[in-house]
Structures are given as C-alpha cells and as structure tokens.
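Participant: Can you look at this prediction? I've put the sequence above it.
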Amino acid sequence: MAATILIADDDAVQRRLVENMVQRCGYEPLVVDSGDAAIAALSASETRPIDAVVLDLVMPGLDGLGVLAKIREAGLNVPVIVQTAHGGIDNVVSAMRAGAQDFVVKPVGFERLQVSLRNALNASALKGELQRIRHSREGRLTFSDIITRSEAMTGVLRTAQKAASSTIPVLIEGESGVGKELFARAIHGSSERKSKPFVAVNCGAIPDNLVESILFGHEKGAFTGATERHQGKFVEAHGGTLFLDEVGELPLATQVKLLRALQEGTVEAVGGRKPVKVDVRIISATNRRLLDLVKGGQFREDLFYRLHVLPLTIPALRQRREDIPHLLRHFLARFCAEENRNITGISGEAMAHLSQLDWPGNIRQLENTVYRAVVMSDGDQLGLADFPQATAHAVPEGKSLQGEPLIVSPSTAPAMNSGNEIPHLASLPVAGGLAMLNASGEVRPLEDLENEIIRFAISHYRGQMSEVARRLKIGRSTLYRKLDEAAAGARAGEAN
C-alpha cells in the first residue's frame, strides 16, 4: 500500500491540482477542505495512517498555523508541508517555528512537490526508526512503532490494541522473524503496566536443567553451583509483563510448574520453602502450532488452554508484500545513518525483485539484507547486484520486472520556497554561486547578501533552524532576529 498524503485546502481547484500531483507521485491522497477536518482525519483511529500532510496556510476557521499547533499539542509525528499564495520570509519563519518541515508557494510545480514529499517521508522514516530503537531500549514501544500498511495486518492490530487494555493472556503465533516480540512489547507499552518491567525469556535457549531456576528462581545452595540467591523472571516481572518466547520448547516437567504459577499467582523458588505472590501479565509466542504439539503429547493441553486465551497470528512477510517498500525505506534510512553512507535509494529493478521474494526469514531477513547491501555497496544507489537473494530469484521467462525506484536522498536539496522567491545559490553566478553584483553592475549591499545566505541555509537544511544556526555559527536568537529584521524590511519596501 502506498503512503497516504493528507491534503487540506479550502480551495477546490487547488485541492484537485495537488490531489492529481500526489497521485502522479505514486501516493494515496486523502482530501479535506478545512483545518478542523484535517485534525479529525489525523486523530481518527479507524482511518488509514497518515504519512504526510500538505497544508494550506490560509483557511477560514482553523488556519494552517492552528493545525500545526494542534498537531504539536497532540504529539503527532507527521511531517507537514505548508503551502500558501504568499511566500514572504515572515510566513516561512512562522511556519517553521510552528513545526512545518517544508514550505511551498502556490501554484506548486509537480517536481517541487515530489521532492518535498520524498524528503518528508524519508525524514519521517529515519525519525521513526530512531524513535523505535529508543522506545525499544526504554520499554516504551507502542503500536505506532509497528511499520505496516497491509490490510492483512489490520485485524491483528485491532485485536492487539483491545488486548492491551486488559490483562488477558495473549498467545502470539507466527513464523520466525515476523515481529512477535515487537507485538508483545507494543501490547505492554500500550497497557496500564507500561511503567512496570517487561521481561522477555527465550524458552528455547535455556538448558532443561536450568529452566525452573531461570523462571522461578532458586535459593543459595539449592543445587551445585548455586552460590547465591536468584529471584527468577516471574519475580523480576512483578507488576509488569512476562514474555515467554518459543513457549513450545519448555520441558513437560516445567510446564506443570508453569501451569500452577499461572493458576495460583504464586511461584516457589528451587530450594525455597514458601511460595511468593506475583502479579504478572503473560504474553507467550511460538513459531510452531501448539495445538499440533498438544496432539503429539509434547505440550500439556491444560497449559495450552491457559495460554491460548487470546490468540494472535501475525502474517508472514510474503502475505503482506505491500509492507516491503515501507520496511525498505525505514531500514535504508537507519543503516545509512548508522554507517555514515550517502546512498540515494534502491533501483526500480531491485525493488521489483525484492518485492517478489518469499523471505522465509521474514522481516528479520529483510533487515539484515538491507544492512549487508548498505555496507558492501560501492555506489550511491543500491542495485540488483547488491542483493544476492534477489539476483538468485528466478523471473518467469519472457517477463521483465521493473518497479518504482525507492529514492531516499535526492542529489540536490529543494528550495524552501519557489525558485523565484528564494534563489538557490548553486544557480547563481559569481563568487561560488552568490551573485555579488546587482542588475546595474554595482556591488550588492552586505545586508542583502547576508539575507540571501540565511535563506539558502534554511533551504539547504530544510528548515531545521538549530542546524542552520550551527552551520552559520550564530545563535538561534540571532538567526531569528535577522529573519525578523529581513521580514520588517520587506514589509517596509512594499509599503513604499
């Protein structure tokens, strides 16, 4: 599924023009005619997620600045591109201060809007990936951190969100690498227990003779090598969530004790003399069919029904191929940042082949594939040769695969306004791109040159005012003062 772009404009003609351009860019437009309707669309949980917003600055009722303020208040992390018929520097400053990512002047051209949307989606992808990593480390993952646009995932997400509001035991089923632990963390991070511990245990990685000790703890001297007391994972997760990954790998003897712990709400450490009361929410996961294990006598039926209260089955990546471009964008943005690589994107041929692969290792395999390609590539664009799995993928005879290329960072930075209002320095002659003489052949005033450099910096760094100030080696307050002075001078000139 393509990225969804919300278009908010009270002018029907402009709405239609922008809608057509958004469709030509390969995105799904969602059109509203007011600021209030834009906020309603962004806040509605039942509608499809909004990836970016093209927002008219001047509208009756709630105007563009008001929408930006409400987006900021609601804590929504959606990039906004502001458009208006008036491109003065004061409008640029106001929009950027309010949180807009880019600023375009009506009527915006197709290429200008295409680059602006591409930049917005790429910046959002990188920001989202960094936020996801931070949330994972802090135990604050939510469902907004799950990357998906697939209809096959809609029901799964809806069920998981309902489960998060209760303490019902959840069993997450799915192939290895589909993101079972990510879902478990999102359920925990969206529940009332989010401030409490999330403790994950890989049941398949624990030796059989240590399973009870790891889960329930042991007393000092309980067995050979027990030189000190260990409280166990159940006690560690008290008040929070215990995630039992690959629960089907537990030995039958441990399954009996686990069942009792779930029924009684107490655990007894190995070598302990009295049970300890625990309050934990159980989320379990498996890449095998537990019911088949029950029929084969490898898993207790009574424990199965204790865990299988609310089952969630996460589809394999091959069953939701429309998620592949979105995942590729996020992984590429992240690994390029981590490895300090300036890779502009993935070719259309490679994208088509990657979308056709079955990915038996699912999202984990896709992530590692992108990581390898970023590290090993010698060019500034990833092609088919950078993905050995895609190269080995057989294409039906007589059929040529060609998809839409994924572009992460365009080779030239877009102007913050239209080309006529804020000139791009690279297009100007003399002195490294900065025009030193005016039309009369006289040296331009220092103030004009300074204002032009500031405008170029705002354009080049896409409105990131902290970065602009740092690169120009001035304080933010000085930067805003100079912009205000430039805006005041422009207004005075218009009045004269």
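Facilitator: Yes, it's here. For clarity, every value in this text was computed on a predicted model and none was experimentally measured. Numbers count the residues shown, from 1 in each chain.

Participant: For the residue nearest to the spatial centre of the chain, give its distance to residue 53.
Facilitator: Closest residue to the average C-alpha location of the chain: residue 128 at 3.2 Å, with C-alpha atoms, centre = their mean. Residue 128 sits 15 Å away from residue 53, going by C-beta to C-beta, to the nearest Å. Glycine gets a C-beta too; all of them are placed from N, C-alpha and C.

Participant: Please, which helix or strand holds the residue nearest to the centre of the chain?
Facilitator: Counting by DSSP states H and E, the element that carries residue 128 is helix 110-138.

Participant: now that helix: mean pLDDT?
Facilitator: Helix 110-138 carries an average pLDDT of 77.

Participant: Now do the same for the next helix or strand after it: mean pLDDT, whole number.
Facilitator: Counting by DSSP H and E, the next helix or strand C-terminal to helix 110-138 is helix 154-164. Mean pLDDT, helix 154-164: 93.

Participant: Then stretch 478-488?
Facilitator: Stretch 478-488 carries an average pLDDT of 74.

Participant: Also stretch 187-196?
Facilitator: For stretch 187-196, mean pLDDT rounds to 92.

Participant: Could you count how many residues lie near the spatially closest residue to residue 240 that is not a sequence neighbour?
Facilitator: Leaving out its chain neighbours, the residue that sits closest to residue 240 by C-beta to C-beta, 6 or more residues apart in numbering is residue 196, at 3.3 Å. When neighbours are counted by other C-beta atoms under 10 Å, residue 196 registers 18.

Participant: Next: residue 36.
Facilitator: Should you count by other C-beta under 10 Å, residue 36 turns out to have 16 residues around it.

Participant: does it really touch residue 60, like I thought?
Facilitator: No: assessed by C-beta atoms under 8 Å, residue 36 is found out of contact with residue 60, at 10.2 Å.

Participant: Tell me where this structure is predicted with low confidence.
Facilitator: Across the chain, the ranges flagged by pLDDT under 70 are 1-2, 45-48, 86-89, 129, 136-139, 390-404, 407-444, 448-449, 459-464, 487-496.

Participant: Got the domain ranges for it?
Facilitator: Per the record's domain assignment (the TED database), the chain is made up of the domains 4-133, 145-315, 318-392, 446-494.

Participant: Any chance of JSON lines for the ones you listed, columns distance to residue 405?
Facilitator: Putting those into JSON lines (distance: least, C-beta to C-beta, whole Å) gives the following:
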{"stretch": "domain 4-133", "distance to residue 405": "10"}
{"stretch": "domain 145-315", "distance to residue 405": "19"}
{"stretch": "domain 318-392", "distance to residue 405": "4"}
{"stretch": "domain 446-494", "distance to residue 405": "21"}
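
Participant: out of the ones you listed, nearest to residue 406?
Facilitator: domain 318-392 (4.3 Å; C-beta to C-beta).

Participant: tally of neighbours for residue 236?
Facilitator: 16.

Participant: Next: residue 176.
Facilitator: The burial count for residue 176: 14, using other C-beta under 10 Å.

Participant: And for residue 295?
Facilitator: By the measure other C-beta under 10 Å, the count of residues near residue 295 is 11.

Participant: what's it in contact with, if anything?
Facilitator: Going by C-beta atoms under 8 Å, 6 or more residues apart in numbering, residue 295 touches no other residue.
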